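Undergrad: Just need the structure, nothing else, for what follows:
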Amino acid sequence: MTDIPHIPVLLNQTLQSFESIDSGVIIDCTLGYGGHSEALLEAHPNIKLIGIDRDQTAIDFASKRLAKFGDRFQTVKGDFATAFDKAVEIAGVENVRGLLADIGVSSLQLDQIDRGFGFDSDVLDMRMDQNAPLSAYEVVNEYPHEKLMKIFYEYGEIAYGKDLAQKIIDKRQKGPITSAKVLADLAMSFKTGKKIHPATLMFQAIRIEVNDELGQLHGVLDKIENSQLQNCIVSIISFHSLEDRIVKQRFKAWTVKCICPTHVMRCECGNNHQKGKLLNKKPLIADDKEIKENPRSRSAKLRSFYFGTDSAF
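TA: Next up, the predicted model:
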């Protein structure tokens, strides 16, 4: 445990977003290596923290790393949409003062070549929960052309998604595609001159499909919206425009006081539906120093929302 192979993305910005919390419970919905959780527990000696992760490897690793905090730290296994209720029940909704979610694939998963997230992997998996029934192998080898094309357009925003899907179909007709390495090579003919690897958006789209990442994000936002949270800060880190757009739109909706249909001449809803306020109008991003030290932070954006009516926020 002396060599932690991970630099938490936007760590200082995350600590800044929760700096006003001095008691209660923070729920880390995406525990991973436990880097954010460790920093939060150290910065706030009077808080407790519950970490959620669907990956047992992550839970085992973080539990060892954070054992020094004793009963101030505990875990709940499951994806962050379904495990949210259990974590809130354990904490007591009135005690929850912070929620953190670092959306997308974790560095722990990227670092393990046998998980199939990286371009050089000899397997084709990409499951965050290794007990889940759907893997990248099924998506790549069994999805019809139109379904592949759809996820490339919607989840990867790939302009040449139709041609890329056809290239996969042609390749698998000669035999199953069994490795991420072979899959990544298929994208090389679509090299655009941009700095990112040609397979990056394809892998993103397949990974989102395998793990239902956007559904998970909508799910946890629904859970938060329908909870009874008060005096609670929600901070969400996203890594691509699809996720950030969902968070931005939902946070904006939570600031709206009147929810009457636009055609109504006079407010009939009570004009009291605002759940709180934005803590930063624009997302917090990494500075040049952090990007140099941790290239993964280049695309990261952190947005924060305060649930409650406290005028101090």
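Undergrad: In the stretch 151-300 of the chain, mark out all the strands, start to finish.
TA: Along the stretch 151-300 of the chain, the stretches classed as strands by DSSP state E, counting those that start in this stretch are 232-238, 276-278.
Undergrad: In JSON lines: the ones you listed, plus mean neighbour count, distance to Val9 and mean pLDDT.
TA: To be clear about C-beta, it is placed using only N, CA and C from the backbone, and glycine gets the same treatment. Shown next, in JSON lines, are those (neighbours: other CB atoms under 10 Å; distance: least, CB to CB, whole Å; pLDDT from 0 to 100):
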{"stretch": "strand 232-238", "mean neighbour count": "26", "distance to Val9": "6", "mean pLDDT": "96"}
{"stretch": "strand 276-278", "mean neighbour count": "17", "distance to Val9": "21", "mean pLDDT": "95"}
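Undergrad: Would you tell me which of these gets closest to Glu42?
TA: Proximity to Glu42 (CB to CB) singles out strand 232-238 among the strands of the stretch 151-300 of the chain, at 17.1 Å.
Undergrad: same for that closest one, what does it pack against?
TA: Applying 3 or more CB pairs under 8 Å, 6 or more residues apart in numbering; DSSP states H and E, one finds that strand 232-238 contacts helix 11-17, strand 96-102, helix 241-254, strand 301-307.
Undergrad: how about 10 Å then?
TA: Under the contact criterion of 3 or more CB pairs under 10 Å, 6 or more residues apart in numbering; DSSP states H and E, strand 232-238 touches helix 11-17, strand 24-28, strand 96-102, helix 213-226, helix 241-254, strand 276-278, strand 301-307.
Undergrad: how far off strand 96-102 does that strand point, in degrees?
TA: Counting by axes from the mean of the first three to the mean of the last three CA atoms, to 10 degrees, strand 232-238 lies at 0 degrees to strand 96-102.
Undergrad: quick one: strand 232-238 to strand 301-307, angle?
TA: Calculated by the same axes, to 10 degrees, strand 232-238 forms an angle of 160 degrees with strand 301-307.
Undergrad: Let's verify Ile52: helix, strand, or coil?
TA: Of the three states, Ile52 takes strand under DSSP: H, G, I helix; E, B strand; the rest coil.
Undergrad: That one reaches Asp102, doesn't it?
TA: No: look at Ile52 against Asp102 with CB atoms under 10 Å: they stay out of range, at 11.1 Å.
Undergrad: Can you check which of the helices and strands packed on strand 232-238 gets nearest to Ser135?
TA: Minimum separation from Ser135 across those (CB to CB) falls at helix 213-226, 14.4 Å.
Undergrad: any idea how the protein splits into domains?
TA: Following automatic domain parsing, the chain resolves into domains at 11-102+213-307, 112-211.
Undergrad: any idea which helix or strand of this structure has the worst average confidence?
TA: helix 107-111 (a mean of 63; mean pLDDT, DSSP states H and E).
Undergrad: Can you give me the neighbour number for the residue nearest to Arg250 when sequence neighbours are not counted?
TA: In space, and not counting its chain neighbours, Arg250 is closest to Leu221: 4.9 Å by CB to CB, 6 or more residues apart in numbering. Leu221 has 21 neighbouring residues, counting by other CB atoms under 10 Å.
Undergrad: can you offset everything so residue one is 665?
TA: In the new numbering, first residue 665, that becomes Leu885.
Undergrad: ok, now which ones touch Glu932?
TA: By CB atoms under 10 Å, 6 or more residues apart in numbering, Glu932 lies in contact with 922-925.
Undergrad: And those residues, which is closest to Val911?
TA: Each of the contacts of Glu932 was scored against Val911 by CB to CB, and Ile923 proved nearest at 19.5 Å.
Undergrad: quick one: low-confidence parts of the protein?
TA: 665-670, 768-776, 857-858, 974-977 (pLDDT under 70).
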